[in-house]
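Chemist: sequence and predicted structure, then a few things I'm wondering about:
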Amino acid sequence: MEFRKKRMRRRFGRRKVCRFCADKSLVIDYKSPQVLRYFITERGKQVPRRISGNCAKHQRQVSLAIKRARMLALMPFKASGR
Amino acid sequence: MPAVISARDNPGTLREFETVLILRPDTLQEGVLELNNKIKELIEADEGRMLLVENWGKRRLAYEIRKQLKGIYMYYQFLGHGPLIKEMERNFRLTESVIRHFTTRIDENVDPDARPDELSEEDFLAAAATRPDEEELATGYVMTGTGEKIPVSRLGYEKRGEPVQAPGTTGSETAPTAEAAPTQDNAVTEAPEAVTEAPEAVTEAPVAVTEAPEAVTEAPKEASAPEAVAETPDEAPAPEAETPDTPDEAPAPEAVAETPDEAPAPEAQTSDTPDDKEEA
């Protein structure tokens, strides 16, 4: 009973498609924080793959780009306030 | 000839690098030019070549660096051998005005002859001029770390052919109506372009500036709007006024009155466009 319930729940929701695979013109670049902003939370933490729907390859690239953008103060390490 | 060249490189080839520097916000044109010359000198001493210099203007930093909340972003692309970077970074650390430096390799085993020399002397000199930010346009001077006030003209930006607007001419009440009337047709056709450009415009601000006369004022300032919105609640009416499918809300004069110091002209123009479409 428990097992079946879990399986049912997992099927809910549509599998997200990696937006960088879908749109090849979208480049992951640490110099364009506008693109990367979608992949951090309000507090400045990186959004996990299960939420963002990125494929592994592009999640790695996003991760690197975010870290670089942080070094250049284009993105926050942590959100200010609170 | 540099002392050590990596065995990984094919003989006769160079590596392509890009560097981003953040300079102190009170760095003037002379200071930027001096730094650019130094970098160029180092690259050429290493048998490399400068490909591109860009000045991204003054931007707000996401966090404080050396007590500074803003910085001038400089972007360079160049060819050189690996050991060049070590020498360059040593120089960046010695230079007071550089508060952050970051270099990455974008390509290796590049045949130097295969790359056209993109950088003209003119572009090189122009990159020393920093676009003043809105605060400096409003006040007309640059604050230095010691509290000195230096006129905006020392940033050298108006020498690039685009005059820096004097604080008087950016008047909040008169400008939008006067501008909107004669350029109505233009505003209608230009506005959608400017809006779609906005997300890109942050990185491409210098490029967008050279486009249409309308875009000159619209693109860069609108690009800064989304950021400002999150911080200041009184900015809220502006983005709503931008959306073309809600023509009945946010008439132009009101939006202007609420945001007098934050780029009144462009927002008023875009908010005009839905009305114009309705009438036409």
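Modeler: Received it, and whenever you're ready, just let me know what you need. Everything numeric in this text was worked out from a predicted model, so none of it was measured.
Chemist: can you tell me which residues contact the spatially most central residue of chain A?
Modeler: Centroid-nearest residue in chain A: A:F39, 3.7 Å away (criterion: C-alpha atoms, centre = their mean). Counting by C-beta atoms under 8 Å, 6 or more residues apart in numbering or on different chains, A:F39 makes contact with A:Q46, A:V47, A:S52, A:N54, A:V62, A:I66. Bear in mind the C-beta positions are built from the backbone N, C-alpha and C, glycine included.
Chemist: repeat that with 6 Å
Modeler: A:F39 is in contact with A:V47, A:S52, A:V62, counting by C-beta atoms under 6 Å, 6 or more residues apart in numbering or on different chains.
Chemist: quick one, phi/psi of the closest residue to the first one other than its chain neighbours?
Modeler: Put plainly, it is A:V47. Spatial nearest neighbour of A:V47, chain neighbours left out: A:F39 (4.9 Å); criterion: C-beta to C-beta, 6 or more residues apart in numbering or on different chains. Main-chain dihedrals, A:F39, degrees, to the nearest 10: phi -100, psi 20.
Chemist: and the pLDDT at A:F39?
Modeler: What the model reports as pLDDT for A:F39 is 93.
Chemist: A:Q46 now?
Modeler: The model's pLDDT for A:Q46 equals 93.
Chemist: show me the beta-bridge partners of it.
Modeler: Residues in a beta bridge with A:Q46, per DSSP bridges, are A:I40.
Chemist: how near is it to A:Y38?
Modeler: 11 Å (C-beta to C-beta, to the nearest Å).
Chemist: more crowded one of the two?
Modeler: A direct count of neighbours by other C-beta atoms under 10 Å in any protein chain shown for A:Q46 and A:Y38 places A:Q46 higher, at 15 against 10.
Chemist: residue contacts, B:D111?
Modeler: B:D111 touches B:T13, counting by C-beta under 6 Å, 6+ apart.
Chemist: how does it look with 8 Å?
Modeler: B:G12, B:T13.
Chemist: ok, now A:V35?
Modeler: Neighbouring residues of A:V35 by C-beta under 8 Å, 6+ apart: A:L26, A:V27, A:I28, A:D29.
Chemist: poorly predicted segments of the stretch 151-280 of chain B, please.
Modeler: For the stretch 151-280 of chain B, the stretches with pLDDT under 70 are B:158-280.
Chemist: same thing but 50
Modeler: By pLDDT under 50, the low-scoring segments of the stretch 151-280 of chain B are B:166-280.
Chemist: who touches stretch B:35-44?
Modeler: B:19, B:21, B:23, B:49-50, B:53, B:74, B:76, B:78-80, B:84, B:87-88, B:91, B:95, B:97-98, B:124, B:127-128.
Chemist: what are the buried residues along stretch B:55-63?
Modeler: B:N55, B:W56, B:G57, B:K58, B:R59, B:L61, B:A62 (16 or more other C-beta atoms under 10 Å in any protein chain shown).
Chemist: downstream neighbour of the helix or strand where the last one lies in the secondary structure list?
Modeler: Under the criterion of DSSP states H and E, B:A62 resides in strand B:49-65. Moving toward the C-terminus from strand B:49-65, the next helix or strand (DSSP H and E) is strand B:68-80.
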